[in-house]
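[1] coords below, sequence missing:
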């Protein structure tokens with residue numbers, strides 16, 4: 001299905017649009033009813049408002065009062081929760097299988113008040129399968145499985161529709177002055193390991209995370225991670241076990257990668273520095289995956305005030321600013337890259353990769369913001385990072401696709417953001433990108449057999465206020481077309497290019 005170029009198939013597009021709308025509407029009726037019921041029940045069950053855990057300490061004055069005894073330690077804590085409804089539909093080219101899925105989930109957690117800087121936290125989440133295509137089916141033409149919709153549930157077991165619960169947080173936290181330490185199961189947000197929150201639940205880690213804020217506006221981040229629970233899974237895995245749950249692609253020689261189940265137990269350590277300057281922010285990051293590979297990041301994001309913007313006493317001092325950024329990522333294999341057998345290793349022995357990125361844009365144009373982004377992955381080697389751990393840190397990243405696993409890539413994107421001044425909480429992004437990847441049969445630089453493509457995203461969000469504070473709604477539409485040959489082979493097309501993909505997401509944080 002050609003999305004961007006008209007080739008006289010407007011009637012076909014209208015028919016397919018009508019088909020996905022009718023199909024999706026029927027599935028949504030049941031899901032929306034259940035979600036509304038869940039939302040009303042959650043609100044009526046609480047006798048005071050709660051906020052999401054990431055914002056709780058900012059709003060809860062009790063979180064900074066030390067508890068004199070065990071009872072106060074427990075009573076001064078707060079509960080928090082998150083309910084989500086997610087409807088997803090993929091419309092592939094004619095002859096290839098289309099998919100849809102609807103899920104709803106709810107989770108609740110608790111964090112104690114502080115005692116001498118110490119706090120305890122715990123949370124869990126359960127997902128409910130409302131309706132979907134048969135996500136265990138293999139498309140008969142391409143011999144490929146489902147890609148997107150299965151991620152709402154359990155990628156390890158497509159038939160699992162009932163046991164979709166997970167213990168998420170279980171930690172001991174210590175905070176004093178500028179030091180914060182957290183030990184146990186917890187959320188994380190770093191350049192290479194992050195929530196990648198585009199399905200029902202995010203990626204989580206187990207280990208020790210620490211940050212220290214120096215007086216000089218320098219933030220030190222240190223982490224030691226021993227286990228990971230990737231999004232779209234319900235279990236916790238050793239670092240080596242977590243690699244390959246989403247699919248393994250091919251080795252540089254074209255044979256199927258066989259690193260899944262053949263990685264060492266391993267562990268992850270990282271060291272990061274973030275420094276705020278008057279002109280912008282500098283980020284330095286180094287991550288080691290023991291006996292497998294190392295990744296380094298250097299990034300500068302700056303801002304330059306245009307005209308009289310920012311000058312004291314000048315009307316319109318909050319005017320436009322030029323925003324810009326530069327990024328460099330370097331990777332290298334450690335030892336033999338995970339396994340002495342080349343067919344079973346993750347990062348080829350002696351392998352290296354380099355990524356360069358740039359950004360230029362303007363913000364502060366009233367309700368508008370515009371960005372141009374560019375990424376170059378050199379032909380030195382593939383950029384590799386287990387997709388189970390997080391999304392690409394590139395400026396050119398667009399939701400629902402990645403450039404991990406490829407080398408010799410040129411990518412460019414344009415993003416136009418808008419925020420309504422009349423309807424509070426309403427915002428939208430329109431983004432377009434062209435991604436020039438190596439030929440699908442250039443296995444040494446194309447791990448997943450993905451053709452060069454163009455992509456357009458339309459992302460509309462509304463954040464509720466007042467009585468419905470904590471509720472937000474998102475609609476995301478994604479259109480992708482191949483811009484180079486797929487050799488007329490369905491395996492290079494299904495769930496990759498020449499498709500339309502739709503998401504409707506309703507969140508309630510309490």
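    Nice, thanks for sending it over. What you see is a predicted model; the values in this text were computed from it and never measured.
[2] Beyond whatever helix or strand residue 434 lives in, next helix or strand please.
    Per DSSP states H and E: residue 434 is located in strand 426-436. Per DSSP H and E, strand 426-436 leads on to strand 453-463 as the next helix or strand towards the C-terminus.
[3] Neighbouring strands - and their directions - for the next helix or strand after that following strand?
    Per DSSP H and E, the first helix or strand lying C-terminal to strand 453-463 is strand 471-482. Partners of strand 471-482 in the sheet, by DSSP bridges, are strand 453-463 (antiparallel), strand 499-509 (antiparallel).
[4] Same list (the ones you listed) but as CSV, adding mean pLDDT.
    As requested, the strands paired with strand 471-482 are exported to CSV (pLDDT from 0 to 100):
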stretch, mean pLDDT
strand 453-463, 98
strand 499-509, 98
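[5] Residue 328: which of these is closest?
    Closest of the strands paired with strand 471-482 to residue 328 is strand 453-463, at 24.3 Å (criterion: C-beta to C-beta). All C-beta spots, glycine's among them, are computed from the backbone N, C-alpha and C.
[6] what's near enough to touch residue 239?
    225, 226, 227, 228, 263, 265, 266, 267, 268, 289, 290 (C-beta atoms under 8 Å, 6 or more residues apart in numbering).
[7] which one of those residues is nearest residue 125?
    residue 228 (16.0 Å).
[8] my guess is residue 478 meets residue 500, correct?
    Yes. Using C-beta atoms under 8 Å, residue 478 is in contact with residue 500, at 7.2 Å.
[9] dump the residue contacts of the nearest residue to residue 306 once chain neighbours are set aside.
    Setting aside the residues directly before and after it, residue 306 is nearest to residue 320 in space (C-beta to C-beta, 6 or more residues apart in numbering), at 4.7 Å. For residue 320, the contacting residues are 306, 307, 309, 362, 363, 364, 365, by C-beta under 8 Å, 6+ apart.
[10] For residue 499, see how far away the spatially closest residue to residue 149 that is not a sequence neighbour is.
    Excluding its sequence neighbours, the residue lying closest to residue 149 (C-beta to C-beta, 6+ apart) is residue 101, at 3.8 Å. According to C-beta to C-beta, to the nearest Å, residue 101 and residue 499 sit 15 Å apart.
[11] now swap in residue 472 and tell me
    26 Å.
[12] mind checking the SS state of residue 383?
    coil (DSSP: H, G, I helix; E, B strand; the rest coil).
[13] Per-residue pLDDT of it, please?
    pLDDT recorded at residue 383 is 98.
[14] Now for it: which residues touch it?
    329, 331, 353, 355, 377, 403, 404, 405, 406, 407, 409.
[15] where's it relative to residue 376, distance?
    Taken as C-beta to C-beta, the span from residue 383 to residue 376 is 11 Å.
[16] Give me the more crowded residue out of residue 472 and residue 499.
    Legend: neighbour count by other C-beta atoms under 10 Å for residue 472 and residue 499, higher for residue 499 (23 against 16).
[17] partners of the more buried one in the sheet?
    Going by DSSP bridges, residue 499 forms beta bridges with residue 480.
[18] likewise residue 288?
    residue 269, residue 294.
[19] I figured it hits residue 225, correct?
    No. Taking contacts as C-beta under 8 Å, residue 288 lies outside contact range of residue 225: 10.6 Å.
[20] More neighbours: those two, which one.
    residue 225 (23 against 17).
[21] Can you tell me the element the more buried one falls in?
    Residue 225 belongs to strand 218-229, assigned by DSSP H and E.
[22] Output the contacting helices and strands for whatever helix or strand comes next after that strand.
    From strand 218-229 onward toward the C-terminus, using DSSP H and E, the following helix or strand is strand 237-238. In terms of contacts (3 or more C-beta pairs under 8 Å, 6 or more residues apart in numbering; DSSP states H and E), strand 237-238 is packed against strand 218-229.
[23] Please list the outside residues in contact with the strand it packs on.
    Counting by C-beta under 8 Å, 6+ apart, 166, 168, 185, 188, 190, 193, 203-214, 235-239, 242, 267-276, 285, 388-389 sit against strand 218-229.
[24] Just the ones of those in strands?
    Of those, the ones assigned to strands by DSSP state E are 166, 168, 185, 204-213, 237-238, 268-276, 285.
[25] Just the buried residues of stretch 453-469, please?
    Within stretch 453-469, the residues scored as buried using 16 or more other C-beta atoms under 10 Å are 453, 454, 455, 456, 457, 459, 461, 462, 463.
[26] repeat for stretch 232-246
    232-234, 236-246.
[27] again, but for stretch 137-155
    139, 141-142, 144-155.
[28] Need the max-distance pair from these.
    141 and 154 (25.6 Å).
[29] ok, now which ones touch the residue lying closest to residue 486 once chain neighbours are set aside?
    Among residues not flanking residue 486 along the chain, residue 492 sits closest, at 4.0 Å (C-beta to C-beta, 6+ apart). Residue 492 makes contact with 440, 449, 450, 451, 486 under the criterion C-beta under 8 Å, 6+ apart.
[30] Apply 6 Å and report the result again.
    440, 449, 451, 486 (C-beta atoms under 6 Å, 6 or more residues apart in numbering).
[31] name the element residue 129 belongs to?
    strand 118-132.
[32] by how many degrees do that strand and strand 204-213 diverge?
    Angle between the axes of strand 118-132 and strand 204-213 is 140 degrees (criterion: axes from the mean of the first three to the mean of the last three C-alpha atoms, to 10 degrees).
[33] Check which helices and strands strand 118-132 sits against.
    helix 10-44, strand 99-111, strand 165-176 (3 or more C-beta pairs under 6 Å, 6 or more residues apart in numbering; DSSP states H and E).
[34] As TSV, the contacts of residue 383 with distance to residue 93, pLDDT and secondary structure would be great.
    TSV is the format used below for the contacts of residue 383 (distance: C-beta to C-beta, whole Å; pLDDT from 0 to 100; DSSP: H, G, I helix; E, B strand; the rest coil):
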residue	distance to residue 93	pLDDT	secondary structure
329	34	98	strand
331	34	98	strand
353	32	98	strand
355	31	98	strand
377	27	98	strand
403	22	98	coil
404	24	98	coil
405	23	98	coil
406	22	98	strand
407	27	98	coil
409	24	98	strand
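[35] ranking the residues you listed by neighbours, who comes first?
    residue 377 (27 neighbours).
[36] Would you confirm that that one contacts residue 409?
    Yes. With contact defined as C-beta atoms under 6 Å, residue 377 counts as touching residue 409 (4.0 Å).
[37] before we move on, back to that, ok, of the contacts of strand 218-229, which come out buried?
    Buried among these (16+ other C-beta under 10 Å): 166, 168, 185, 188, 190, 193, 203-209, 211, 236-239, 242, 267-270, 272, 274-275, 285, 388-389.
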